[in-house]
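Chemist: for reference, the sequence and a predicted model appear below.
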Amino acid sequence: MTEAHRQHTLAKPYKCEGLGLHTGKPVSMEFVPAPVNTGLVFVRTDLAGNPRVRPILSNVVATNRGTIISEHGASVHTVEHVMSALRGCGIDNLLIMISNEEPPALDGSASNFVEMIEQAGRLEQDAEQTCCFVKEILTLSDADKSMTYLPSDKFEVTYKLAYSDNLVAPRHLHIEVSHEMFKKRICRARTFGFEREFAMLKEHNLARGGSLENAVVIDNDGKVVNPEGLRDEDELILHKILDLVGDFSLIGMPVRGHIIADRTGHGFNVKFAKMLSAKYAESQQRKEYEMMYIEEIKTILPHRYPFLLVDRILSLVPGESIVGIKNVTANEEFFNGHFPGKPVMPGVLMVEAMAQVAGVLFLSQPEHKGKVPFFCGIDKVRFRRPVVPGDRLEFHIKVLKVRGNTGKVEAEARVDGELVTGGELMFQIV
């Protein structure tokens with residue numbers, strides 16, 4: 001078992017104090033190491049019996065301007081920044097001792113919590129870490145909000161930020177949520193709000209502890225009020241990703257997958273996390289194959305350089321479906337002539353790559369071992385946008401019909417969740 005798959009806690013306790021962002025109440029918070037399989041648990045030290053409140057999806061009671069959890073008659077408000085820091089730094093087991101209902105806002109980001117974790121030190125524990133990973137695409141949409149989950153061997157997020165009045169210019173960002181990237185960029189992003197919202201927040205008793213010391217404020221002309229400006233040109237969208245990481249931590253385990261989010265907030269994040277968690281629980285009841293790497297793929301497919309067009313298999317459900325990827329690099333042979341000065345992957349090779357992934361699905365079955373798949377037909381194939389160097393093609397194949405050695409599959413190729421081509425492929429195995 002490698003370090004990346006082991007559980008972690010802190011090497012020693014660490015404490016901080018401050019004001020809650022929304023309640024404005026003074027609070028002290030202490031991180032206390034916990035044994036394996038404890039999970040992350042808030043402890044309300046100000047209440048009789050020190051009730052424990054677990055930050056899990058079933059305990060979410062509200063998501064207005066922050067995620068609120070409640071259990072045993074006790075609540076904790078605005079848990080997402082603390083939870084994001086713990087998950088982003090790979091902490092699995094910890095007691096979070098808190099003397100009031102809301103953690104301290106500190107500078108409005110998660111950077112102070114990350115500093116606490118680094119000061120205390122991470123401690124590897126002798127237990128395996130479980131990850132939430134499913135082997136199919138999940139999608140949820142509501143009006144202008146949407147979210148998609150794609151299988152991936154790491155946790156990555158593509159976020160699209162946009163507002164209907166364009167007070168903030170639309171932006172999108174793709175980032176891998178690794179420990180290093182979380183500490184370097186994500187954790188530093190402060191919460192933000194609009195000057196026009198002040199009256200509404202005051203009316204609802206929110207942001208009572210907010211100030212330019214712990215929030216980015218945007219005026220009615222779309223300009224940042226804070227004299228120091230932004231910490232990162234993508235600070236606003238990075239904070240949305242920080243919140244997403246915190247909300248997804250309520251699944252109770254690290255997530256492995258590619259999340260594509262468009263204009264989502266706490267409520268939508270939690271709703272999608274519940275769907276992902278339920279699908280993960282369902283997947284544990286099904287027989288599925290683990291990830292397949294290139295050397296194993298080469299024992300199944302007869303293709304070789306320069307015509308082997310699949311780099312990895314993410315999932316395989318025998319007789320039903322398969323998901324594979326092709327990393328498109330500038331070094332591909334076909335870019336020398338297609339086209340000089342404007343490299344575009346030939347559509348026929350995308351179709352071939354989809355067929356090869358389908359070939360892995362069928363040739364991995366014992367009765368087809370050592371055989372060769374041949375095309376019989378191609379139907380309903382459409383090309384929707386060019387594929388260029390730097391794109392990662394994700395192929396999703398579903399079996400439609402099989403009769404003897406012939407069959408038909410539905411095939412799709414996507415880049416960052418966007419469909420680039422798809423259709424039906426017919427084949428024969430001989």
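Modeler: Alright, I've got the coordinates. Numbering: from 1, shown residues only.

Chemist: not counting its neighbours along the chain, what's nearest Val344?
Modeler: With CB to CB, 6 or more residues apart in numbering as the measure, Pro386 is the residue that lies nearest to Val344, at 4.7 Å, once sequence neighbours are left out. In this view, the C-beta of every residue, glycine as well, is placed from N, C-alpha and C.

Chemist: tell me how far the helix or strand hosting Ile259 lies from the chain's centre.
Modeler: Secondary structure from DSSP states H and E places Ile259 in strand 257-262. With CA atoms, centre = their mean, to the nearest Å as the basis, the distance from the averaged C-alpha position of strand 257-262 to the chain average is 5 Å.

Chemist: need the pLDDT of His204.
Modeler: Here the pLDDT value assigned to His204 is 75.

Chemist: related to what we said a few turns ago, shouldn't the residue nearest to Val344 be within a strand?
Modeler: No: Pro386 is assigned coil when assessed by DSSP: H, G, I helix; E, B strand; the rest coil, not a strand.

Chemist: how many other residues sit next to the closest residue to Arg256 other than its chain neighbours?
Modeler: With sequence-adjacent residues excluded and distances taken as CB to CB, 6+ apart, Arg256 is closest to Phe133, at 4.2 Å. When neighbours are counted by other CB atoms under 10 Å, Phe133 registers 21.

Chemist: name the residues that touch the helix or strand just after the strand holding Ile259?
Modeler: Using DSSP H and E, the helix or strand that follows strand 257-262 in sequence is helix 266-283. Outside helix 266-283, the residues within contact range by CB atoms under 8 Å, 6 or more residues apart in numbering are 57, 60, 63-67, 80, 132-136, 138, 140, 142, 145, 147, 149, 243-244, 247-248, 250-252, 255, 257, 261, 264.

Chemist: ok, now stretch 31-47?
Modeler: Stretch 31-47 is touched from outside by 7, 9-15, 50-55, 69, 74, 76, 79, 83, 86, 91-101, 116-117, 120, 123, 125-127, 249, 252, with contacts defined as CB under 8 Å, 6+ apart.

Chemist: alpha carbons only: can I get that stretch in CSV?
Modeler: What follows is the C-alpha trace of stretch 31-47 in CSV, where atoms were taken according to Å, rounded to 0.1, in the frame of the first residue of the first chain:
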residue,chain,number,x,y,z
PHE,A,31,-7.6,20.5,15.2
VAL,A,32,-7.1,17.4,17.3
PRO,A,33,-5.6,14.1,15.8
ALA,A,34,-8.0,11.2,15.6
PRO,A,35,-7.6,7.4,15.1
VAL,A,36,-8.1,5.6,11.8
ASN,A,37,-11.7,5.5,10.4
THR,A,38,-12.9,8.3,12.7
GLY,A,39,-13.4,10.6,9.7
LEU,A,40,-13.7,14.4,10.1
VAL,A,41,-15.9,15.3,13.0
PHE,A,42,-16.9,18.7,14.5
VAL,A,43,-17.3,18.8,18.3
ARG,A,44,-19.3,21.7,19.8
THR,A,45,-17.3,22.4,23.0
ASP,A,46,-19.7,25.2,24.0
LEU,A,47,-22.7,22.9,24.3
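
Chemist: return the set of buried residues in it.
Modeler: Buried positions in stretch 31-47, judged by neighbour count with 16 or more other CB atoms under 10 Å: 31-34, 36, 38-44, 47.
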